[in-house]
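S.K.: Show me how the following folds:
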Amino acid sequence: MVFMEIRKIECKTALSKSSLPGLDYSLNPYRGCQHSCAYCYVPNVLRIDRSEWGNFVEVKTNIPSVLAGELRNKKSGVVGISTVTDPYQPIENKYKLTRYCLEQLLKYDFPVCIQTKSDLIIRDIDLISKFKHAEVMFSIATLNDTERKLLEPFSSTIDERLNAMRKCNDSGIKTTVFFGPIYPTIKIDDISKIIDTFKEYGASTVMIDKLNLKSGIWQNIESKLQCNSSVFETFSRNLFKTKEYYSRIQEQVKKLGREKKIEIVDAF
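M.R.: Next comes the predicted model:
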């Protein structure tokens, strides 16, 4: 793990209105993320210098109490946890802000949709399983863990995420996969195994998305892939030269989703 600056701050609000499909509110217990994913879009959204992203986390120490106050007056709606950070990044193991927020949300039984790349979520299955409506979405962009290490260096392994998804599903929690950004190393012939794996481990729905190269993202990815020329060359070819790469992947995922009877949601 690289040096990480931890800043304790206080927030004025906990729930924000969300414009994302299916979400009414967003809740982000932290600002910043230890996972340091090379393709992360959040620096563009929050207007943070990309060179700083992955080097700090701001811990909103008072967010559970702020949330408790807001929930008394808020109209019930789906809460997305989180939208610009991972709620189960490693620091959550110490501060437990996501867990404390879940405890408050459970008191009013607000529906929750949690997205993560971490198997730390297993710790909170006892709480999440008590909600009438809860969904856990695991972000899995590839099944190749060697490639995952290049671009998502401090996240849980792919096997850890899959096993966490199975445990959530076995506990009666709706589990889905955010298959994105789909790594450009994935071949058409790989899709069948990938969909089968997601279904085997309990996913009811798979949302797919391509690698969106917002400002600064390709340069960041390029720097991380310099140590692996083969992966770098494949990324470069399929992102910039093979114009129909993602449309073919998209078509195959949808085709196999119909055949294998698993819902595919397109975020392209």
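S.K.: Give me the pLDDT for Asn73.
M.R.: Asn73 carries a pLDDT score of 94 in this model.
S.K.: and if you look at Met1?
M.R.: 50.
S.K.: just Thr234 next, same as before
M.R.: Predicted confidence (pLDDT) for Thr234: 98.
S.K.: Give me the neighbour count for it.
M.R.: 19 (other CB atoms under 10 Å). The way it works is simple: take the backbone N, C-alpha and C, and place the C-beta from them, glycine included.
S.K.: residues touching the closest residue to it other than its chain neighbours, list them.
M.R.: Leaving aside its chain neighbours, Thr234 sits nearest to Thr185 (4.8 Å; criterion: CB to CB, 6 or more residues apart in numbering). Remark: with contacts taken as CB atoms under 8 Å, 6 or more residues apart in numbering, Thr185 is in contact with 142, 144, 147, 231, 234-235, 238.
S.K.: try Ile191
M.R.: 249, 252-253, 256.
S.K.: JSON lines please, covering the contacts of Thr185 and showing secondary structure and distance to Val78.
M.R.: JSON lines is the format used below for the contacts of Thr185 (DSSP: H, G, I helix; E, B strand; the rest coil; distance: CB to CB, whole Å):
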{"residue": "Thr142", "secondary structure": "coil", "distance to Val78": "28"}
{"residue": "Asn144", "secondary structure": "coil", "distance to Val78": "32"}
{"residue": "Glu147", "secondary structure": "helix", "distance to Val78": "32"}
{"residue": "Val231", "secondary structure": "helix", "distance to Val78": "37"}
{"residue": "Thr234", "secondary structure": "helix", "distance to Val78": "37"}
{"residue": "Phe235", "secondary structure": "helix", "distance to Val78": "35"}
{"residue": "Asn238", "secondary structure": "helix", "distance to Val78": "35"}
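S.K.: where exactly do the helices run in the protein?
M.R.: Applying DSSP state H to the chain gives helices spanning 42-46, 63-71, 92-95, 97-108, 125-128, 145-151, 158-170, 191-200, 217-225, 229-236, 245-260.
S.K.: how about the lowest-mean-pLDDT helix or strand in the chain as CSV, C-alpha atoms only?
M.R.: Least confident helix or strand of the chain, by mean pLDDT, DSSP states H and E, is helix 42-46 with a mean of 90. Output of helix 42-46 as CSV, limited to C-alpha atoms (Å, rounded to 0.1, in the frame of the first residue of the first chain):
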residue,chain,number,x,y,z
VAL,A,42,-14.3,10.1,-9.7
PRO,A,43,-11.4,12.6,-9.9
ASN,A,44,-13.2,14.0,-13.0
VAL,A,45,-16.5,14.2,-11.2
LEU,A,46,-15.1,15.8,-8.1
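S.K.: Figure out which of the helices of the chain is closest to Gly180.
M.R.: Comparison of those against Gly180 by CB to CB identifies helix 245-260 as nearest, at 10.5 Å.
S.K.: so how far is stretch 21-41 from its chain's centroid?
M.R.: For stretch 21-41, the gap between its own C-alpha mean and the chain's C-alpha mean amounts to 7 Å (CA atoms, centre = their mean, to the nearest Å).
S.K.: Report the buried residues of it.
M.R.: Of the residues in stretch 21-41, those with enough neighbours to count as buried (16 or more other CB atoms under 10 Å) are 23-41.
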